[in-house]
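Visitor: coordinates for the following, if possible.
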Amino acid sequence: MYIRKSLLILVSVAVAMAMISCNPSVKEKQEGKSDSLSMLVPAGSSGDEAIISYKPVDEAAKDKVVIRPSSIMQDSTFRQVLKQIDAKDYAGALTNIGPFLRDFPDSPEVYFFQAICRTELKQFSAAIPDFDRAIQLKSDFADAFNYRGVAQFYLQRYDLAIRDYDEAIRLKPKFPKAYYNRGLARANVGDFEGSIVDFDRSIEQDSTSVDSYNNRGNARTMLKDYEGAIEDYSKSIELAPGNPEAYNNRGAARQLMKNNDRAIRDFTKAIEIKPNYGDAYYNRGRSYLAMKENTKACNDFRKALELGIKDASLYLDEFCK
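Guide: The predicted structure is shown next:
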């Protein structure tokens, strides 16, 4: 099974009385909770399987992470830095946080937030020493372990990421985002059974997590549990009707079950929501081809190729001359 992977990681945080988020907020209740940033992980392709996407909707819900108050958190100037982070001015916050390292050299929160800014700016290698220092200063800092795992994941150090998520969960057993993140890391090393266990725990603790359902569906698809996958994708759609990836993924599972007419409906809905969705055009083209609607299939393959899906050229060469 070929999967075009965009594995997902949460990087959001709220502190004390102020909510700080490193992701956009969900604007409508019906969109549910989408928990993660996304990152393209290259994968080889055979061109003969449906494309399943791990990428969620772009909007992400704010998630409360409470850090015990300290002198730095009561500093009015530092709270201005937190407001910059809340406004997603990570570069500005990173510049302004520097002096606090001198004035509060033993504050784990200063290093933690500097690392969060660097993570959001994709400076993953630079973020890790800051997380290290925060953990050195506060050995039970579960959130720092979780977010260091995020940075390790983006650096493709999956074993180290899993180790950090393990510690975050040990310190904070009710930590749905850490279970979710560990599930993604396990999926990325091919441990789909283990990833399903983690997504189960994430859902037990947060039943509104759109991405946990969607990615558990992806893991089930990899294990050829297509009916279970469809149930998960349907729940993800129920929570977030505007999520095109869940429709595409459900369509791919239905395609694998040879249920191409219903698959086409899902791919079409994904395209209605996201008109430039190359994977959905490619997948719909394959279902049209299976139903011997070659003209429609070729139109979809051309559009998919135009949108950067190179596998579509294989079908164009063979069926659309």
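
Visitor: gap between residue 138 and residue 74?
Guide: 17 Å (Cβ to Cβ, to the nearest Å). C-beta coordinates here come from the backbone N, C-alpha and C atoms, glycine included.

Visitor: lowest-confidence helix or strand of this protein?
Guide: strand 37-41 (a mean of 30; mean pLDDT, DSSP states H and E).

Visitor: domains in this structure, by residue range?
Guide: Using automatic domain parsing, the domains assigned to the chain come out as 5-189, 258-321.

Visitor: reformat the ones you listed as CSV; add mean neighbour count and distance to residue 221.
Guide: Formatted as CSV, the domains of the chain follow (neighbours: other Cβ atoms under 10 Å; distance: least, Cβ to Cβ, whole Å):
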stretch, mean neighbour count, distance to residue 221
domain 5-189, 19, 6
domain 258-321, 19, 13
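
Visitor: tabulate the ones you listed (JSON lines), appending distance to residue 195.
Guide: Formatted as JSON lines, the domains of the chain follow (distance: least, Cβ to Cβ, whole Å):
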{"stretch": "domain 5-189", "distance to residue 195": "4"}
{"stretch": "domain 258-321", "distance to residue 195": "21"}
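
Visitor: closest one to residue 249 among these?
Guide: Nearest of the domains of the chain to residue 249, taken as Cβ to Cβ: domain 5-189 at 5.2 Å.

Visitor: that older thread, and the next helix or strand past the least confident helix or strand of the chain?
Guide: For strand 37-41, the following helix or strand on the C-terminal side (DSSP states H and E) is helix 76-86.

Visitor: what helices or strands is that next one leaning on?
Guide: Judged by 3 or more Cβ pairs under 8 Å, 6 or more residues apart in numbering; DSSP states H and E, helix 76-86 is in contact with helix 90-103, helix 108-120.

Visitor: show me where pLDDT drops low in the stretch 1-150 of the chain?
Guide: 1-71 (pLDDT under 70).

Visitor: how about 90 then?
Guide: Across the stretch 1-150 of the chain, the ranges flagged by pLDDT under 90 are 1-79, 81, 98, 101-104.

Visitor: out of the domains of the chain, which is closest to residue 226?
Guide: domain 258-321 (9.2 Å).

Visitor: ends of the closest one, what's the gap?
Guide: One end of domain 258-321 sits 26 Å from the other (Cα to Cα, to the nearest Å).

Visitor: list phi and psi for residue 209.
Guide: Backbone torsions for residue 209, taken as degrees, to the nearest 10, come to phi -80, psi 100.

Visitor: what do you get for residue 235?
Guide: Torsion angles, degrees, to the nearest 10, at residue 235: phi -70, psi -40.

Visitor: I'd assumed residue 213 was in contact with it.
Guide: Yes. Counting by Cβ atoms under 8 Å, residue 213 is a contact partner of residue 235 at 4.6 Å.

Visitor: which one's more surrounded, those two?
Guide: Taking neighbours as other Cβ atoms under 10 Å, residue 235 and residue 213 compare with residue 213 leading, 26 against 20.

Visitor: residue 120 against residue 92, yeah?
Guide: No. With contact defined as Cβ under 8 Å, residue 120 does not count as touching residue 92 (11.8 Å).

Visitor: chain center to stretch 184-199: distance?
Guide: 14 Å (Cα atoms, centre = their mean, to the nearest Å).

Visitor: also stretch 232-248?
Guide: So, by Cα atoms, centre = their mean, the centroid of stretch 232-248 is 14 Å from its chain's centroid.

Visitor: what do you get for stretch 195-210?
Guide: Using Cα atoms, centre = their mean, the offset of stretch 195-210 from its chain centre is 14 Å.

Visitor: same check on stretch 182-195?
Guide: On Cα atoms, centre = their mean, the centre of stretch 182-195 falls 13 Å from that of its chain.

Visitor: endpoints of it, how far apart?
Guide: Across stretch 182-195, first to last residue, Cα to Cα, it's 7 Å.

Visitor: what's the closest of the domains of the chain to residue 220?
Guide: Closest among these, using Cβ to Cβ: domain 5-189, at 10.8 Å.

Visitor: could you dump stretch 103-118 to CSV, C-alpha only?
Guide: This file holds the C-alpha atoms of stretch 103-118, laid out as CSV (Å, rounded to 0.1, in the frame of the first residue of the first chain):
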residue,chain,number,x,y,z
ASP,A,103,17.5,38.0,33.7
PHE,A,104,15.9,34.6,34.4
PRO,A,105,18.7,32.0,33.7
ASP,A,106,17.1,29.4,35.8
SER,A,107,13.5,29.6,34.4
PRO,A,108,12.5,26.5,32.5
GLU,A,109,9.6,28.4,31.0
VAL,A,110,11.9,30.9,29.1
TYR,A,111,13.8,28.1,27.4
PHE,A,112,10.5,26.2,26.8
PHE,A,113,8.9,29.2,25.0
GLN,A,114,12.1,30.0,23.1
ALA,A,115,12.0,26.3,21.9
ILE,A,116,8.4,26.6,20.9
CYS,A,117,9.1,29.7,18.8
ARG,A,118,12.0,27.9,17.1
